[in-house]
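1. 3D model of this:
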Amino acid sequence: MNDQFKRFESNGYSVGRVALEHKRMYRVYTDKGEILAEISGKMRFEALNREDYPAVGDWVVLSIREEEGKATIHGILPRFSKFSRKVAGLATEEQIIATNINTVFLVNALNQDFNIRRIERYLLLAWESGANPVIVLTKSDLCTEIDKKVFEVESVAYGVPIHVCSVKENTGIEQLGMYFDNDQTVALLGSSGVGKSSLTNCLLGEEKLLVNEVREDDDRGRHTTTHRELLLLESGGVIIDTPGMRELQLWESDNSLSHSFQDIEELTGNCRFRDCSHETEPECAIRAAIENGTLDSARYQSYLKLQRELAFLERKTNIRAQNAEKEKWKKITSNIKKKKKLF
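-> Model prediction:
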């Protein structure tokens, strides 16, 4: 980060990290304390999509007005990781959850809401983000089949660390501390009610975030955290808590599909025909694996569903990219015309 900032420092700019975003206003941590900031007019004019605006976790270039306790953001330093999803609903737009994350805690509760297909989906986006995924299974005090659940997760999360913990019984929490060593940044992601806020409070060592009870009938939670927020641990390191996401739509995860479903990708290479559709062809390795029990049929159906979803998203994104390019040239042409009028 320091090397990237040097070219700005000579011009009197400062650097800060976005801790909170709210309606185009940002709370930024700087060496002069917390500052309320907004983006410059030039930056707003040149922005073409969501990626061009600051997000929680971003390092930004600032001009600080100390007497006001405010600042203007002039640029975003390069991101080394970015966790994104498609915005909820029909719009084909990116929602950046957090950036510059070293590790993503994929938090899942060991209660009735435990869902292996949801874990597959989270893993897909985690690999695509550039951060290292770690699966954290919370509320172990509510589960009588922990080993069975861990085995299920291991079957879909090859080589990914898995930690079982309980905030209520204060077990398994200490092991998570190593991911914050050397001022590392960890983001917590998971659906509502899995215990992200409780876990965050435990790691912070204080009741900083509100905690809600889950519904008794289905163990599903209400939204406790309503915004993404970057928090500093006294022992060092940074934690980013995020709102629960019941609708987790993919965003540009095509390359990670092979990573997350490497077992299926390897099997397809063993089919007799290269263009095997895995339906009626002879000597199909996929069908054989399902029949002999080495491949879970539900996992294969999940793979197909995600594959179709990504193909649909790619088609929609290409159209959106074309429209964005047209909009960019409209802005450039309009700017040229304005300059000509001045002369």
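2. secondary structure class for Ile240?
-> Using DSSP: H, G, I helix; E, B strand; the rest coil, the three-state assignment for Ile240 comes out as strand.
3. enumerate every residue touching it.
-> Counting by CB atoms under 8 Å, 6 or more residues apart in numbering, Ile240 makes contact with 56-57, 98, 101, 185-188, 228-231. Backbone N, C-alpha and C define where each C-beta goes, glycine included.
4. ok, now Ser297?
-> Ile290.
5. pull up the gap between it and His278, please.
-> Ser297 sits 11 Å away from His278, going by CB to CB, to the nearest Å.
6. list residues touching both of these two?
-> Among the neighbours of Ser297, none is also in contact with His278 (CB under 8 Å, 6+ apart).
7. which single one of the contacts of Ile240 is nearest to Glu266?
-> The shortest gap between Glu266 and any of those belongs to Ile101, at 28.9 Å (CB to CB).
8. tell me the domain boundaries of the chain?
-> If the domains of the chain are taken from automatic domain parsing, they occupy 2-76, 82-241, 254-329, with pieces of a single domain joined by a plus sign.
9. buried deepest among those domains, which one?
-> Using mean count of other CB atoms under 10 Å, the stretch among the domains of the chain with the largest mean neighbour count is domain 82-241, at a mean of 18.
10. quick one, strands of the stretch 1-150 of the chain?
-> Ranges of strands in the stretch 1-150 of the chain, per DSSP state E, counting those that start in this stretch, are 14-22, 25-30, 33-39, 59-65, 70-76, 82-86, 94-99, 103-109, 132-138.
11. can you redo these as CSV with distance to Gly172?
-> Rendered in CSV, the data for the strands of the stretch 1-150 of the chain read as follows (distance: least, CB to CB, whole Å):
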stretch, distance to Gly172
strand 14-22, 28
strand 25-30, 29
strand 33-39, 32
strand 59-65, 32
strand 70-76, 36
strand 82-86, 24
strand 94-99, 24
strand 103-109, 12
strand 132-138, 8
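12. mean pLDDT lowest where, among those?
-> In terms of mean pLDDT, the lowest-scoring of those is strand 82-86 (a mean of 79).
13. for that strand, packing partners?
-> Here strand 82-86 is seen to pack against strand 94-99, helix 116-129 when contacts are counted using 3 or more CB pairs under 8 Å, 6 or more residues apart in numbering; DSSP states H and E.
14. make TSV out of those and add distance to Glu309.
-> Conversion of these to TSV gives the following (distance: least, CB to CB, whole Å):
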stretch	distance to Glu309
strand 94-99	15
helix 116-129	9
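15. nearest to Glu152, out of those?
-> Set against Glu152 and scored by CB to CB, the helices and strands packed on strand 82-86 come closest in helix 116-129, at 5.3 Å.
16. counting by contacts, list what that closest one packs against.
-> Secondary-structure packing of helix 116-129 (3+ CB pairs under 8 Å, 6+ apart): strand 82-86, strand 103-109, strand 132-138, helix 146-154, helix 254-260, helix 297-342.
17. out of the helices and strands packed on strand 82-86, which comes closest to Ser197?
-> strand 94-99 (15.7 Å).
18. tell me what angle the closest one forms with helix 116-129.
-> Here the directions of strand 94-99 and helix 116-129 differ by 80 degrees (axes from the mean of the first three to the mean of the last three CA atoms, to 10 degrees).
19. how about the residue nearest the centre of the chain, nearest residue that isn't a chain neighbour?
-> The residue at the geometric middle of the chain, judged as the C-alpha nearest the mean C-alpha position with CA atoms, centre = their mean, is Phe83 (3.1 Å). The spatial neighbour of Phe83 that comes closest, neighbours along the chain excluded (CB to CB, 6 or more residues apart in numbering), is Ser129 at 4.1 Å.
20. identify the residues contacting the one you found.
-> If a contact means CB under 8 Å, 6+ apart, then Ser129 has 81-84, 101, 104 as its contacts.
21. also Asn100?
-> For Asn100, the contacting residues are 57-59, 79-81, 185, taking CB under 8 Å, 6+ apart as the criterion.
22. so what pLDDT did the nearest residue to it once chain neighbours are set aside get?
-> Nearest residue to Asn100, sequence neighbours excluded (CB to CB, 6+ apart): Gly57, at 4.6 Å. Model confidence at Gly57, expressed as pLDDT, equals 95.
23. just for the stretch 151-300 of the chain, where's the confidence low?
-> Along the stretch 151-300 of the chain, the parts satisfying pLDDT under 70 run over 207-226, 244-256.
24. Gln175 and Pro161 touch, don't they?
-> No. Gln175 is beyond contact range of Pro161, at 9.3 Å (criterion: CB atoms under 8 Å).
25. could you list the residues in contact with stretch 160-169?
-> Outside stretch 160-169, the residues that touch it by CB under 8 Å, 6+ apart are 110, 123, 133-141, 146, 150, 153-154, 171-173, 175-176, 195, 198-199, 201-202.
26. restrict it to CA atoms and write it as PDB.
-> Once side chains and other backbone atoms are set aside, the C-alpha atoms of stretch 160-169 remain, and they are given as PDB (Å, rounded to 0.1, in the frame of the first residue of the first chain):
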ATOM      1  CA  VAL A 160     -10.300 -25.500   3.000                       C
ATOM      2  CA  PRO A 161      -9.700 -25.100   6.800                       C
ATOM      3  CA  ILE A 162     -12.800 -25.900   8.900                       C
ATOM      4  CA  HIS A 163     -13.300 -24.700  12.400                       C
ATOM      5  CA  VAL A 164     -16.000 -25.700  14.800                       C
ATOM      6  CA  CYS A 165     -16.900 -23.200  17.600                       C
ATOM      7  CA  SER A 166     -19.500 -22.100  20.100                       C
ATOM      8  CA  VAL A 167     -19.700 -18.500  21.400                       C
ATOM      9  CA  LYS A 168     -22.100 -19.700  24.100                       C
ATOM     10  CA  GLU A 169     -19.600 -22.300  25.400                       C
END
